[in-house]
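>>> missing the sequence, but the structure's below:
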């Protein structure tokens, strides 16, 4: 599927204080809930440190951060002219990229689930200040592509893109990078 616009972004979509509060409440105060991130299809996932080395925790899709993600997804869907049929927001993933952590090239969409739903949009919020880490570049495009896009590192940036677009997070070489990621589902692409 070709799209006119690869992504949509608002660089100051989430206040810095809220970004810091999310990291504190979701990661620093919930160490027992931090998991080694898995990859793969729902109910068929596995840990694979050759593809992904990240710690994650999950939030229910409710409250202020969910409201911000929903508003961004619906706004991006119209302004970027994707016009996908969107229905619901999945649980929100808070990712912690420590030194040497990364996520190799991948897509976020899967074949339609039993309920006919499929991931359509990915919403990513940059929770860390770019001064807090080195590396950890968030790139959209193709593994060996010439038109890849380096997404903003500004704290509070909200990026939305179709979940079928390949993307990566390069290894963090110093410090820690935190992000919040949600996925909008809708009836499967036809």
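In hand now; what should we look at? The structure presented is a predicted model; accordingly, all values stated were derived computationally and were not measured.
>>> same for the helix or strand where residue 173 lies, what does it pack against?
In the assignment (DSSP states H and E), residue 173 maps to strand 172-175. Packing contacts for strand 172-175, counted by 3 or more C-beta pairs under 8 Å, 6 or more residues apart in numbering; DSSP states H and E, involve strand 133-135. In this view, the C-beta of every residue, glycine as well, is placed from N, C-alpha and C.
>>> what does the helix or strand just after the strand it packs on contact?
Later in the chain than strand 133-135, the nearest helix or strand by DSSP H and E is strand 138-140. Contacts to strand 138-140, defined as C-beta atoms under 8 Å, 6 or more residues apart in numbering, come from residues 6-7, 124, 126, 148-151, 153, 159, 161, 165-170, 179.
>>> Let me see the mean pLDDT of the longest helix anywhere in the chain.
Longest helix in the chain, counting residues (DSSP state H): helix 64-79. Averaging pLDDT along helix 64-79 yields 96.
>>> How far does it sit from its chain's centre?
13 Å (C-alpha atoms, centre = their mean, to the nearest Å).
>>> Identify each buried residue in it, please.
Of the residues in helix 64-79, 65-66, 68-70, 72-73, 76-77 count as buried by neighbour count, 16 or more other C-beta atoms under 10 Å.
>>> Residues touching it, excluding its own?
8, 10, 13-14, 18, 22, 59-61, 82-84, 86, 89, 92, 121, 123, 125, 158, 160, 180, 182, 184.
>>> same check, this time on stretch 141-158
Stretch 141-158 is contacted by residues 6-7, 9-16, 18-19, 68-69, 72, 105, 123-130, 136-140, 159, 165-168 when judged by C-beta under 8 Å, 6+ apart.
>>> And for stretch 126-136?
With C-beta under 8 Å, 6+ apart as the test, stretch 126-136 has contacts from 14, 16, 19-20, 22-23, 94, 97, 101-102, 138, 152-157, 159, 169-180.
>>> Repeat the analysis, applying 7 Å as the threshold.
The contact list for stretch 126-136 (C-beta atoms under 7 Å, 6 or more residues apart in numbering) reads 19, 22-23, 97, 152-157, 169-180.
>>> Using PyMOL, define a selection of the buried residues within these.
Buried subset of the contacts of stretch 126-136, written as a PyMOL selection, criterion 16+ other C-beta under 10 Å:
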select buried, resi 19+22+23+97+152+153+155+156+157+169+171+172+175+176+177+178+179+180
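>>> Now intersect the contacts of stretch 126-136 with the strands, please.
In strands, defined here by DSSP state E, the members of the contacts of stretch 126-136 are 97, 169, 172-175, 177-180.
>>> So which of the contacts of helix 64-79 sit within helices?
18, 22.
>>> Could you pick out the buried ones from the contacts of helix 64-79?
Of the contacts of helix 64-79, these count as buried by 16+ other C-beta under 10 Å: 8, 10, 13-14, 22, 59, 61, 82, 84, 86, 89, 92, 121, 123, 125, 158, 160, 180, 182, 184.
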